[in-house]
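# build me a structure from this.
(one chain, ligands or ions: 1)
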Amino acid sequence: MGDARNSHKDTQCVHAGVEPDRTTGAIMTPIYQTSTFVQRSPGDHKGYEYARTLNPTREALENSIAILENATFGACFGSGLAAADAILKMFKPGDEILFGNDLYGGTYRLMTRVFAGFGLKAKFINMHDLEAVEKHLSDSTKMIMMETPTNPTLGISDIKGLSKIARKHHCILCVDNTFASPALQNPIDLGADIVWHSATKYLGGHSDVVLGAAVTNDPVIGEQLHFMQNASGAVPGPMDCFLVLRGIKTLHLRMERASENAMKVAQYLHKHAAVDNLYYPGLASHPNHEVAKKQMKQFGGMLSFDLKDNSFDKAKTILEKTKVFTLAESLGGVESLIGHPASMTHASIPKEEREKTGVTDSLIRLSVGIEHIDDLVADLDQALG
Ligand SMILES: *Cc1c(COP(=O)(O)O)cnc(C)c1O
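Predicted coordinates for the structure are as follows:
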């Protein structure tokens, strides 16, 4: 456990950041459900004063995620977007940030509807084309904020290539690693300065908690993130931290099975006559498959496809017919989910705009879980007809 930093990812998932409880020897990190901690005399305490500033359950989770991402500092927040909020608060009016144009919708809303009002500038660009990215950088660019794979069309960007561009222009590279999880991809090793997660998804892994995290190797950024936890206060409660700690113990197994299942589902869909475009970075036909192969261990549990009969009604029939795949928002749990981006996550984007990024009326997104592959394929087979 003490040496988790040097062990394999599988061992880190089970042990990193957690030690038997100092007072009782409890193997599992206790849920320290307390807001304050006793002081023997003013300032004389055991390192904990008030739970917004520091809580032992949260601290264990922060260490766990930091170690999993090969980072030295970790900070957890009340949701993934609260982590993004803390990162964006490090900047000043006039600073510019480059975002991918197929960014998670909530991050887009946070930037355009909250931070734009405080003078932060943003450009939304194609992150999959490195030459194009470099043309957009200026002296006021302070950060490149990207995700890979992206939602819902599983775009892949070259993290190492972007980190070289960021370094050359003295700006920060920040990666949303939610879709891959630290079991499959470690952006810090590829030159990223900050990695953040919606732990609501794969880290938690059981669709029972909302939580976020940001990690870094930079002590100045690490200090700023901890300052923001305390100053703005968007911290998670100890019960939620416990649930994510528990989820992480099986992260490697879940990601392995979800990736295997998604690959087989992709191979099935690839041959299906009703399917038009199919988006999965594990297929050789994916435009950035080679980049995905370089930076990911496996290709994850997310995939999407649209239909030759590109109509909302045809998609609707399929969404209503699946039984193992449940119709719901979110992703990354043990159970398989099916979703319809055009009417669910991307409903607020005008049809013409969303179609430019592949979100057609018939696009269907799958979060492939860890059930038996035969049941998953049989379910899609009966629904596709
Ligand atoms: C869900 C999600 C988020 C937002 O996280 P919350 O925990 O819902 O706040 C950010 N990025 C990606 C890629 C997501 O899927």
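# from the protein, which residue is nearest to the ligand?
Going by C-beta to the nearest ligand atom, the ligand is nearest to Gly80 of the chain, at 2.4 Å. In this view, the C-beta of every residue, glycine as well, is placed from N, C-alpha and C.
# surely that residue touches Trp196?
Yes - the pair Gly80 / Trp196 is scored as a contact, 7.0 Å apart, by C-beta atoms under 8 Å.
# quick check: neighbours shared by these two?
Taking C-beta atoms under 8 Å, 6 or more residues apart in numbering as the criterion, Gly80 and Trp196 both touch Asp176, Thr178, Gly212.
# what residues does the chain have near the ligand?
With C-beta under 6 Å from any ligand atom as the criterion, the chain meets the ligand at residues 79-81, 104, 106-107, 147, 151, 176, 178-179, 198, 200-201, 210, 212.
# list the contacts of the nearest residue to Val209 once chain neighbours are set aside.
Nearest residue to Val209, sequence neighbours excluded (C-beta to C-beta, 6 or more residues apart in numbering): Leu243, at 4.4 Å. Neighbour list for Leu243: Gly204, His206, Asp208, Val209, Leu211 [criterion: C-beta under 8 Å, 6+ apart].
# any idea how far Ile31 is from Leu243?
Distance, Leu243 to Ile31, using C-beta to C-beta, to the nearest Å: 9 Å.
# repeat that for Asp374.
Where Ile31 is concerned, Asp374 sits at a distance of 39 Å (C-beta to C-beta).
# when the two are compared, which one has more neighbours?
More crowded of Asp374 and Ile31, by other C-beta atoms under 10 Å: Ile31, with 17 against 9.
# next up, the contacts around the more buried one.
Going by C-beta under 8 Å, 6+ apart, Ile31 touches Thr57, Pro238, Met239, Cys241, Phe242.
# can you give me the buried ones in the lowest-mean-pLDDT helix or strand in the chain?
Every helix and strand in the chain was compared by mean pLDDT, DSSP states H and E; the lowest is helix 351-356, with a mean of 86. By neighbour count on 16 or more other C-beta atoms under 10 Å, the buried set for helix 351-356 is Arg354.
# show me where pLDDT drops low in this protein?
1-2 (pLDDT under 70).
# 50 instead, please
1 (pLDDT under 50).
# isn't Val14 right up against Lys249?
Yes - contact between Val14 and Lys249 holds when scored by C-beta under 8 Å: they sit 5.4 Å apart.
# let me know the outermost residue of this protein.
The centre of the chain is farthest from one residue, Ser41, which by C-alpha atoms, centre = their mean lies 42.8 Å away.
# looking at this, Trp196 is in a strand?
Yes - assessed with DSSP: H, G, I helix; E, B strand; the rest coil, Trp196 lies in a strand.
# how many residues are close by it?
For Trp196, the tally of surrounding residues (other C-beta under 10 Å) stands at 31.
# contacts only, for the closest residue to it other than its chain neighbours.
Leaving aside its chain neighbours, Trp196 sits nearest to Ala214 (4.3 Å; criterion: C-beta to C-beta, 6+ apart). Ala214 is in contact with Gly74, Ala75, Phe77, Ala83, Ala86, Ile87, Ile194, Val195, Trp196, His197, Leu225, counting by C-beta under 8 Å, 6+ apart.
# make a markdown table from these and add distance to Leu269 to it.
Below are these laid out as a markdown table (distance: C-beta to C-beta, whole Å):
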| residue | distance to Leu269 |
| --- | --- |
| Gly74 | 37 |
| Ala75 | 39 |
| Phe77 | 36 |
| Ala83 | 33 |
| Ala86 | 38 |
| Ile87 | 36 |
| Ile194 | 35 |
| Val195 | 30 |
| Trp196 | 31 |
| His197 | 28 |
| Leu225 | 40 |
